[in-house]
Structure formats: structure tokens, C-alpha cells
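S.K.: Here is my input, please return the structure:
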Amino acid sequence: MPKLHQIIERHWQSPNPFLSLLLKPLSKLFAKVAAKRRDDFVSGRLKSEKLPVPVVVVGNIHAGGTGKTPIVAALVSGLQEKGVKVGIISRGYGRKSKAVHVLNTASSAADAGDEPLLLFRQTGAPTAVGSSRAEAGRALLAAYPELKLIVADDGLQHYALQRNMEIAVFPAADTGRTNLDLLPNGSLREPLSRLASVDAVVVSGGKADTVFRPSENMFASHIETGQIYRLNRPSEKLDLAGLGNQIVAAVAGIAKPERFFNTLQSINIALKQTIALPDHADITAVDLPNADVVIITEKDAVKFSDGHGLNHVWVLPVCAIIEPDLATFVLERLERVPKVV
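M.R.: Numbering: from 1, shown residues only. From the prediction side, this is the model:
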């Protein structure tokens, strides 16, 4: 029996007329509340905080699953390559504490959340998490006063923090749809018209529909996979040709687990079993199937402290390629238009 959230998410992808009839009034109410909240911050009726360095928000108008985290990693890495001292702030969804936490080499997913920890390990950029992103930013700057720029992972709707730039990530699969709606009838947090006010839109995971151009500054990203490595010995790569008759399984606790499974199959890995866990799930060794080889995502890999006793677990690394160069655009935009929203 499917759970309620599964029924709703299926409805978002293939609208059910009966559910639309029930949920459409709620979506209209949600739209009014969301619009008023944003207007209250923009007009100054609700206070927002400005950090002493520029803030670039990378977010989305969807309720998750847009491929945003690899894009944040690619942007931060691109800025670092240009010599920019950049830090990352995030809410840290799924962590155990609500206190502000500045990440260090001993930080766990329970301390920081899986996505911020992954970003920290991938980029090496100073990173802080907190339910108040302004507080996280202040803590990060206190620990790393040399930072010149902060990238906020998610938080497009977190208007309590002022931002100098907004970048929205939008999935390619939705660029041609005409039946998108706001929560709960659809997956949108804000209407499509919101994209006209951001500085840039990055279409993720494929080519955009030809009629989709909500912004003057459009970017495209696609995912490239690296060599699958052993969880507890990253220098050791998986020999795909040597899999032979071994039983291979895949486990994913991400928003769109089928993308991960499809990626593995696209590189000719025959999966005997797939396990889809909820996004940000607290995955442990007991959640892993009995198989000769178990392949997991990098996002799930950070939940294992050292991989002790998990010699059969392997990790698929991915990176986002963004065209044209998003880091160059950000720096040029900040220099030309240092606006604050």
C-alpha cells in the first residue's frame, strides 16, 4: 500500500483529476501566503539581515529533487579556481541538532546534514549550517574572517537573509510541462513567474524545452560520473569488467533514487536489487542488502564514519558540468550589479 507522500508525489508527476479537484484550492491559498511573505520581506515590513560579504543563493522553486547540490559544488569549485575565498552556508536538513555548527574534519552527517557534509568534503570550502542562515553566516565569518563570498546552498525562499544574487535550479524534465502547480497540488514552492526575478536559471539534467526561457541568463548542467571507488579505500576503483557473476545491488537515500539506478545501468552494471530509501534517510549497515557488491551515492556515503567492515560497499562519484561558466558570470555580475534583495 503506497504511503500518502508517495501518492502525492506521483500526482505531481502525473496529475490525478480527483486529487487536483481536492488540492487546487489549497494551492491557491499557499500561493497567496507565499507571495505575501516574500512581499513583506522585500518591502521591509519583515526584517532581513545583511552579511558583511556578498551572498549568492543557489536554490529552487521545487520541493527538492532538482540536482542542486552538484551545481553548488561545481560553482564553489569554479570560484576557488579563480582564487576566490568562498564559504558555504546551509540549513543542514536532517541533522540532529538545531544549533549552528561550523564544519570540521570530525563533523558527521548527524552534526551537519548529509548535503553540507558532502559539499564540505568535496570542495574543502569553509561550511556552516544553521536553521537561521544569517546566524550560520556570522559564525562562518567569525571562524574564517578571510572569506570574501558566501554561497547559500538552498534558501531561495529564506528571505530573512539578504542576498546579492539568486540562482535558481530547474529540472529539464519540467521545462516543457504546462500542468505545474504550487504545493500541495504540485511540487512548486513559488510560481514559475518567480524565475523572472532571479539573476540566472540553471537547467539541470538535460536539455530545456525550446520555449522555456524565463530568464535572460540561462545555463545548462549535466552530470558526469567518475570511477566507482571502495567506501573505505577511495583509491581503489571498481573493476566493472570483473563483476562477472557477482550479485550487485544499489541503495540510494536521495530525492530521485531512480536516477541513480538508471545511471548505474547506463554504464552496463546489472543490478540484481535496488533499495530506494527516503531522501536524507539515516542509512546504516543494517539497511544494506546481502550482496557481493553494494553501490551507494556520495550523499549516502558520508553517513558512514569510516566504512569499517564494509569492504563490499562502493561509491559512485558525480560532478556537474555547467555551461557556460557560472563562476565567471557570478563574479562579473557581483562586480557590475552589487544589488541586495
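
S.K.: would you say Ala220 is within a strand?
M.R.: Yes. Ala220: assigned to a strand according to DSSP: H, G, I helix; E, B strand; the rest coil.

S.K.: I'd like to check which residues are in contact with Arg259.
M.R.: Going by Cβ atoms under 8 Å, 6 or more residues apart in numbering, Arg259 touches Gly205. The way it works is simple: take the backbone N, C-alpha and C, and place the C-beta from them, glycine included.

S.K.: Now do it against Asn179, distance only.
M.R.: The spacing between Arg259 and Asn179, counted by Cβ to Cβ, to the nearest Å, is 21 Å.

S.K.: now swap in Ser107 and tell me
M.R.: Using Cβ to Cβ, Ser107 is found at 41 Å from Asn179.

S.K.: surely Val251 meets Leu288?
M.R.: Yes. The pair formed by Val251 and Leu288 meets the contact definition of Cβ atoms under 8 Å, at 6.1 Å.

S.K.: between Ser107 and Asn179, which one's more packed in?
M.R.: Ranked by neighbour count (other Cβ atoms under 10 Å), Ser107 and Asn179 place Ser107 first, with 20 against 12.

S.K.: contacting residues around the more buried one?
M.R.: When contacts are counted by Cβ under 8 Å, 6+ apart, Ser107 touches His101, Leu117, Phe120.

S.K.: Mind checking which of those residues are in strands?
M.R.: Using DSSP state E, the members of these that fall within strands are His101.

S.K.: Could you dump the contacts of Ser107 into TSV with pLDDT added?
M.R.: Supplementary listing: these in TSV, determined by pLDDT from 0 to 100:
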residue	pLDDT
His101	98
Leu117	97
Phe120	98
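
S.K.: Out of the contacts of Ser107, grab the one that's most surrounded.
M.R.: For the contacts of Ser107, the largest neighbour count, defined by other Cβ under 10 Å, is 25 neighbours, found at Leu117.

S.K.: Now do the same contact list for the residue nearest to it when sequence neighbours are not counted.
M.R.: Residue nearest to Leu117 in three dimensions, not counting chain neighbours: Val302, with 4.6 Å by Cβ to Cβ, 6 or more residues apart in numbering. If a contact means Cβ under 8 Å, 6+ apart, then Val302 has Ala109, Asp114, Leu117, Leu118, Arg121 as its contacts.

S.K.: phi, psi of the first one?
M.R.: In this case it means Ala109. Ala109 has phi and psi values of phi -60, psi -30 when expressed as degrees, to the nearest 10.

S.K.: Confirm Leu46 sits in a strand?
M.R.: No. Under three-state DSSP, Leu46 sits outside any strand and is assigned coil.

S.K.: Chain neighbours aside, what residue packs nearest to it?
M.R.: In this structure, Leu46 finds its nearest non-sequential neighbour in Asp40, 4.3 Å apart by Cβ to Cβ, 6+ apart.

S.K.: before we move on, back to that, what do Val251 and Leu288 both touch?
M.R.: Val294.

S.K.: so what's Ala200 closest to, chain neighbours aside?
M.R.: According to Cβ to Cβ, 6+ apart, the nearest residue to Ala200 is Asn217 (4.1 Å).

S.K.: For the one you found, give its distance to Glu166.
M.R.: Counting by Cβ to Cβ, the gap from Asn217 to Glu166 is 11 Å.

S.K.: overlap in contacts of the two?
M.R.: Looking at what touches both Asn217 and Glu166 (by Cβ under 8 Å, 6+ apart), the common residues are Asp199, Ala200.

S.K.: out of these two, which sits in the busier spot?
M.R.: A side-by-side neighbour count of Asn217 and Glu166, using other Cβ under 10 Å, places Glu166 first with 21 against 14.

S.K.: Assess the claim that the more buried one and Val57 are in contact.
M.R.: Yes. With contacts counted by Cβ under 8 Å, Glu166 reaches Val57, the gap being 5.1 Å.

S.K.: Can you pull the residues that touch both of the two?
M.R.: Joint contacts of Glu166 and Val57 (Cβ under 8 Å, 6+ apart) are Leu156.
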